[in-house]
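>>> Starting from these lines, generate the structure:
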Amino acid sequence: MNSIPDAEALYVELLRGVKSLMRDDTRLVGITSGGAWLVERLQKDLGLPGAPGIISSAMHRDDFARRGLSASAQTTLPFDVNGADVLLLDDVLYTGRTIRAVLNELFDFGRPARVRLAVLIDRGGRELPVAADFAAQHLELPSTQLLALARSDKGAFSFKVEETT
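Residues are numbered from 1 along each chain as shown. Next up, the predicted model:
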């Protein structure tokens, strides 16, 4: 990868994209942890009342036996999922496995009318047929690199790249 993307600039694009996807009845739900950070800030920047939803993929992951329960936040959906228009938010879309797990978790709470996905970065490499309705940036990365959103104490976003083995 030539350079690490500017997460704050991509957040501005994400905000624009989310505004275009919003309806009066849309509920924002962030996927732990990067998506949860994004949804907290989006909820505030969009002037939406109440708390956003937070959803965890931990209980439905296909690698649960290897990973176990993570220390990330648990699912909190402060609205009735049945018939809801849900907009999921995440930092990086890669294989699609987290989205599959999150959808299973969401449907444990009810049957939404519609579920859409917005992400900061779509890095390709899909293993499941999952696509974002909005991606602030498309970026190809080698499979040996992980791209993760970080948040400073003051709430500023940045990306960190880690090499995997």
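>>> From here on, just use CA atoms for contacts and neighbour counts.
Fine.
>>> what pLDDT does the nearest residue to Ile31 once chain neighbours are set aside get?
Of all residues not flanking Ile31 in the chain, Ile55 sits nearest, at 5.0 Å (CA to CA, 6 or more residues apart in numbering). Model confidence at Ile55, expressed as pLDDT, equals 97.
>>> same check, this time on Arg61
So Arg61 comes in at 68 (pLDDT).
>>> Run through this protein and note the low-pLDDT ranges.
1-2, 61, 63-72 (pLDDT under 70).
>>> all strands in it, in order from the N-terminus.
26-31, 53-55, 85-93, 114-122, 134-138, 145-151, 157-163 (DSSP state E).
>>> Tabulate those (CSV), appending distance to Val12 and mean neighbour count.
Below are the strands of the chain laid out as CSV (distance: least, CA to CA, whole Å; neighbours: other CA atoms under 10 Å):
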stretch, distance to Val12, mean neighbour count
strand 26-31, 17, 24
strand 53-55, 21, 24
strand 85-93, 13, 25
strand 114-122, 10, 22
strand 134-138, 9, 19
strand 145-151, 15, 16
strand 157-163, 11, 14
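>>> Columns distance to Thr75 on top of those, output as JSON lines?
Listed next are the strands of the chain as JSON lines, based on distance: least, CA to CA, whole Å:
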{"stretch": "strand 26-31", "distance to Thr75": "9"}
{"stretch": "strand 53-55", "distance to Thr75": "4"}
{"stretch": "strand 85-93", "distance to Thr75": "13"}
{"stretch": "strand 114-122", "distance to Thr75": "16"}
{"stretch": "strand 134-138", "distance to Thr75": "23"}
{"stretch": "strand 145-151", "distance to Thr75": "19"}
{"stretch": "strand 157-163", "distance to Thr75": "22"}
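>>> For Glu105, find the nearest of these.
Checking these against Glu105 by CA to CA gives strand 53-55 as the closest, at 7.6 Å.
>>> just checking, what packs against the closest one?
strand 26-31, helix 34-45, helix 97-108 (3 or more CA pairs under 8 Å, 6 or more residues apart in numbering; DSSP states H and E).
>>> Now do the contacts for Thr75.
With contact set as CA atoms under 8 Å, 6 or more residues apart in numbering, Thr75 has these partners: Gly53, Ile54, Ile55, Ser56.
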